[in-house]
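Q: this is a predicted model, with the sequence first.
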Amino acid sequence: MKITDARVVVSSPGRNYVTVVLDTEDGVVGVGDATLNGRELSVASYLSDHVCPLLIGRDARRIEEIWQYLYKGAYWRRGPVTMTAIAAIDVALWDIKGKAAGMPVYQLLGGAARDGVMVYSHASGATLEELDADVETQLAAGFHAVRVQASVPGLERTYGIAPSDGRVYEPASSSSPQEDSWETGAYLDFAPAMMAHVRERFGFGVHLLHDVHHRLTPIEAGRLGAALEPSRPFWMEDPTPAEDQSAFRTIRNHTTTPLAVGEVLNSIWDCQQLITERLIDYIRTSVSHAGGITHLRRIFALADLYGVRSGSHGAGDLSPISMAAALHVDLSIPNLGIQEHMGHRDPAGEVFSSSYRFADGYMHPGDEPGLGVVFDEAAAARFPYQPMYLPVNRRLDGSVHDW
Ligand code: EZ4
Ligand code: CO
């Protein structure tokens with residue numbers, strides 16, 4: 001089954017998405033997501049300038065061989081641009097394999113290990129009252145797990161606060177990076193009080209999650225984890241910059257609050273120490289930024305050996321193709337923890353039609369052959385690329401902090 005065409009489509013239906021389309025000689029088409037928020041065109045170039053030409057004439061059925069060819073064949077290893085590009089090709093090849101077999105991808109991965117995938121949604125507010133109202137909305141929609149974020153008093157802008165008109169949260173902005181402000185003391189005092197407030201209001205029957213977004217030192221994160229313990233969060237996410245793996249030993253030594261990290265990690269080697277030294281509870285690598293279904297399954301298999309569960313990133317900047325691919329993996333692995341689900345802004349649905357479904361807090365990828373997502377290239381052409389940047393974060397003294 002030879003690959004006859006490989007192309008990259010950059011479109012912006014509600015936000016930017018980079019989509020790979022692979023055609024095969026017998027007419028089976030596969031799609032993959034290559035979106036890297038704020039750096040979309042570098043992945044598009046990596047694919048169209050360096051990867052797509054190498055795929056023409058290759059056998060689409062040899063997924064592992066093509067993965068190894070693209071990874072080892074580049075010589076230069078890892079990194080978000082390379083691994084997102086490889087991921088998109090890998091996911092498109094699994095889509096093709098499923099369609100050729102007449103089966104949903106999760107069946108090819110061993111079948112359903114559970115009936116549905118527990119997902120968490122986001123709630124946020126500029127005030128605790130707004131946050132309460134948003135948590136209520138998420139619970140009414142059926143979610144059993146909710147990530148809570150609120151504006152830190154005294155800081156000009158806080159990470160993770162969705163617009164008040166109900167649209168999905170999007171940190172990127174056009175023309176130039178937005179500047180956020182940061183002061184650790186204000187945050188460390190506020191976050192435990194916010195969690196305690198939500199617990200008091202909604203009780204212990206809902207899973208509550210919180211994203212620190214890489215901003216603390218290890219000992220500050222240890223203090224926060226300990227302060228959050230009475231609120232029993234499902235996890236504390238990205239407490240310190242993710243690339244510093246041994247930092248998590250310090251956090252671990254000071255708290256029993258479960259730790260989650262990995263949305264910015266790209267390979268099994270980036271989380272080897274985190275997993276094998278049991279420094280975390282949930283690994284958040286995603287199908288689109290960590291080498292596709294093939295590589296993500298390898299990470300989750302390693303994690304299973306060490307009692308670490310999955311908790312994949314699922315922000316709105318991962319396209320519906322990635323959401324579907326994530327659900328096929330989640331449904332089939334033994335060590336699912338939870339899956340993030342934010343949904344997508346209109347008019348993404350005009351470009352991507354997905355067959356995954358949500359009911360009572362759980363999602364299922366559906367039973368269409370392949371991934372179950374149809375990508376409408378003609379519709380995508382109506383929404384041209386918009387330059388977008390993620391924010392930068394500054395401390396009050398003007399120095400650049402982790403965003
Ligand atoms: O900031 O996907 O847990 N979710 C997150 C996201 C990330 C964005 C970056 O593009 O941390 O909101
Ligand atoms: Co996060």
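A: Arrived safely. Ligands and ions are numbered 1, 2, ... in the order given.
Q: can you give me the helices in the stretch 1-150 of the chain?
A: 40-45, 52-55, 63-73, 80-101, 105-108, 128-140 (DSSP state H, counting those that start in this stretch).
Q: any idea how far the longest one is from the chain center?
A: Using CA atoms, centre = their mean, to the nearest Å, we find the averaged C-alpha position of helix 80-101 to lie 16 Å away from the chain's own average C-alpha position.
Q: contacts only, for the closest residue to residue 284 other than its chain neighbours.
A: Nearest residue to residue 284, sequence neighbours excluded (CB to CB, 6 or more residues apart in numbering): residue 262, at 3.7 Å. The C-beta positions use only the backbone N, C-alpha and C, and glycine is treated the same way. The contact partners of residue 262, by CB atoms under 8 Å, 6 or more residues apart in numbering, come to 242, 270-271, 274, 280, 282-285, 290, 311, 313.
Q: which ones among those lie within helices?
A: Among the contacts of residue 262, the ones falling in helices (DSSP state H) are residue 274.
Q: and the contacts of residue 262 near ligand 1, which?
A: Among the contacts of residue 262, proximity to ligand 1 is found for residue 313 (CB under 6 Å from any ligand atom).
Q: now neighbour count and pLDDT too, for the contacts of residue 262, in JSON lines please.
A: Output for the contacts of residue 262, formatted as JSON lines (neighbours: other CB atoms under 10 Å; pLDDT from 0 to 100):
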{"residue": "242", "neighbour count": "20", "pLDDT": "98"}
{"residue": "270", "neighbour count": "20", "pLDDT": "98"}
{"residue": "271", "neighbour count": "25", "pLDDT": "98"}
{"residue": "274", "neighbour count": "24", "pLDDT": "98"}
{"residue": "280", "neighbour count": "26", "pLDDT": "99"}
{"residue": "282", "neighbour count": "22", "pLDDT": "99"}
{"residue": "283", "neighbour count": "28", "pLDDT": "99"}
{"residue": "284", "neighbour count": "27", "pLDDT": "99"}
{"residue": "285", "neighbour count": "28", "pLDDT": "98"}
{"residue": "290", "neighbour count": "30", "pLDDT": "98"}
{"residue": "311", "neighbour count": "28", "pLDDT": "99"}
{"residue": "313", "neighbour count": "24", "pLDDT": "98"}
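Q: picking that back up, the helices of the stretch 1-150 of the chain into a markdown table, with extra columns for mean pLDDT and mean neighbour count?
A: Shown next, in a markdown table, are the helices of the stretch 1-150 of the chain (pLDDT from 0 to 100; neighbours: other CB atoms under 10 Å):
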| stretch | mean pLDDT | mean neighbour count |
| --- | --- | --- |
| helix 40-45 | 98 | 20 |
| helix 52-55 | 98 | 17 |
| helix 63-73 | 98 | 16 |
| helix 80-101 | 99 | 25 |
| helix 105-108 | 99 | 22 |
| helix 128-140 | 98 | 17 |
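Q: export the ones you listed as a markdown table, with columns for distance to ligand 1.
A: Shown next, in a markdown table, are those (distance: least, CB to the nearest ligand atom, whole Å):
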| stretch | distance to ligand 1 |
| --- | --- |
| helix 40-45 | 11 |
| helix 52-55 | 25 |
| helix 63-73 | 24 |
| helix 80-101 | 11 |
| helix 105-108 | 23 |
| helix 128-140 | 15 |
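Q: let's have these in CSV, adding distance to residue 248.
A: Formatted as CSV, the helices of the stretch 1-150 of the chain follow (distance: least, CB to CB, whole Å):
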stretch, distance to residue 248
helix 40-45, 28
helix 52-55, 37
helix 63-73, 26
helix 80-101, 21
helix 105-108, 31
helix 128-140, 28
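Q: to residue 201, which of those lies closest?
A: Closest approach to residue 201 among these is made by helix 128-140 (5.7 Å; CB to CB).
Q: what sits up against the closest one?
A: By CB under 8 Å, 6+ apart, helix 128-140 touches 121-125, 146, 148-150, 162, 164, 194, 197-198, 201-202, 206.
Q: at 7 Å what do you get?
A: With contact meaning CB atoms under 7 Å, 6 or more residues apart in numbering, helix 128-140 is reached by 121, 123-125, 146, 148, 150, 194, 197-198, 201-202, 206.
Q: most surrounded residue in those?
A: When neighbours are counted by other CB atoms under 10 Å, residue 148 leads the contacts of helix 128-140 with 29 neighbours.
Q: quick one: that one and residue 193, what's the gap?
A: 12 Å (CB to CB, to the nearest Å).
Q: with residue 209 instead?
A: According to CB to CB, residue 209 stands 17 Å off from residue 193.
Q: of those two, which one has the most company?
A: Here residue 209 and residue 193 are compared on neighbour count by other CB under 10 Å; more neighbours surround residue 209, at 24 against 14.
Q: with the contacts of residue 262 in mind, which one is nearest to residue 258?
A: Set against residue 258, the nearest of the contacts of residue 262 by CB to CB is residue 282 (6.7 Å).
Q: report the central residue of the protein.
A: Geometric centre of the chain, nearest residue: residue 313, 2.3 Å, by CA atoms, centre = their mean.
Q: near the nearest residue to it once chain neighbours are set aside, how many other residues are there?
A: Once flanking residues are discounted, residue 313 sits nearest to residue 263: 3.7 Å by CB to CB, 6+ apart. Neighbours of residue 263 under the rule other CB under 10 Å: 24.
Q: got a list of what residue 263 touches?
A: Contacts of residue 263 (CB under 7 Å, 6+ apart): 284, 286, 313.
Q: next one: it from residue 38, what distance?
A: With distances taken as CB to CB, residue 263 is found 14 Å from residue 38.
Q: with residue 55 instead?
A: In terms of CB to CB, residue 55 sits 26 Å off from residue 38.
Q: and what of residue 123?
A: 24 Å.
Q: need the contact list for residue 25.
A: Residue 25 neighbours (CB under 7 Å, 6+ apart): 1-2, 4.
Q: tell me the secondary structure for the residue in the stretch 301-403 of the chain positioned nearest to ligand 1?
A: Nearest residue of the stretch 301-403 of the chain to ligand 1: residue 315, at 3.3 Å (CB to the nearest ligand atom). Following DSSP: H, G, I helix; E, B strand; the rest coil, the label given to residue 315 is coil.
Q: ok, the residue nearest to it when sequence neighbours are not counted - contacts?
A: With CB to CB, 6+ apart as the criterion, residue 315 has its nearest non-adjacent residue at 5.4 Å, and that residue is residue 342. Contact partners of residue 342, counting by CB under 7 Å, 6+ apart, are 121-122, 168-169, 314-316.
Q: sweet, I'm off.
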